[in-house]
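> predicted model and sequence below, questions to follow.
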Amino acid sequence: MTSTDSEVFIAFIRGINVGGHRIIKMNDLKHLHQAMDHGKVATY
């Protein structure tokens, strides 16, 4: 890879917040991945 190339990783997480039990806030999930140095994290 050259310095102009970039890697993009996408995670499709099934079952998060389905059924209303043990809710995980998307902001908390985002902060978790940022803490693991995953760079620019976005949730939708």
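Here it is on my side, so go on. Everything numeric in this text was worked out from a predicted model, so none of it was measured. Numbering: from 1, shown residues only.
> just the helices from this structure, written as ranges.
For the chain, the helices defined by DSSP state H occupy 26-35.
> okay, now the unreliable bits of it?
1-4 (pLDDT under 70).
> now the strands for it?
In the chain, no strands are defined using DSSP state E.
> tell me how many other residues surround His38.
By other CB atoms under 10 Å, 12 other residues sit near His38. Placement of C-beta: from N, CA and C, glycine included.
> what does Asn17 give?
Neighbours of Asn17 using other CB under 10 Å come to 13.
> for the one 4 residues further on, same thing?
With neighbours defined by other CB under 10 Å, the count for His21 comes to 6.
> quick one: it and Arg14, what's the gap?
15 Å (CB to CB, to the nearest Å).
> pretty sure Asn17 contacts Asp28?
No. Contact criterion CB atoms under 8 Å: Asn17 and Asp28 do not qualify, at 11.1 Å.
> pull the CA atoms of stretch 9-28 into CSV?
Output in CSV follows, covering the C-alpha atoms of stretch 9-28 (Å, rounded to 0.1, in the frame of the first residue of the first chain):
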residue,chain,number,x,y,z
PHE,A,9,-13.4,-2.1,7.4
ILE,A,10,-17.1,-2.6,7.8
ALA,A,11,-18.8,-4.6,10.5
PHE,A,12,-22.4,-5.7,10.3
ILE,A,13,-23.4,-6.6,13.8
ARG,A,14,-26.6,-8.7,13.9
GLY,A,15,-28.8,-8.9,16.9
ILE,A,16,-27.7,-5.7,18.6
ASN,A,17,-30.7,-4.1,20.3
VAL,A,18,-33.2,-6.6,19.0
GLY,A,19,-36.0,-7.5,21.5
GLY,A,20,-35.4,-4.6,23.9
HIS,A,21,-33.3,-6.6,26.4
ARG,A,22,-29.7,-5.8,27.3
ILE,A,23,-29.6,-2.6,25.2
ILE,A,24,-26.2,-1.4,23.9
LYS,A,25,-26.2,2.3,23.1
MET,A,26,-24.6,3.0,19.6
ASN,A,27,-22.5,5.7,21.2
ASP,A,28,-21.1,3.2,23.7
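> where's that stretch relative to the chain centroid, distance-wise?
On the basis of CA atoms, centre = their mean, to the nearest Å, stretch 9-28 sits 10 Å off its chain's mean C-alpha point.
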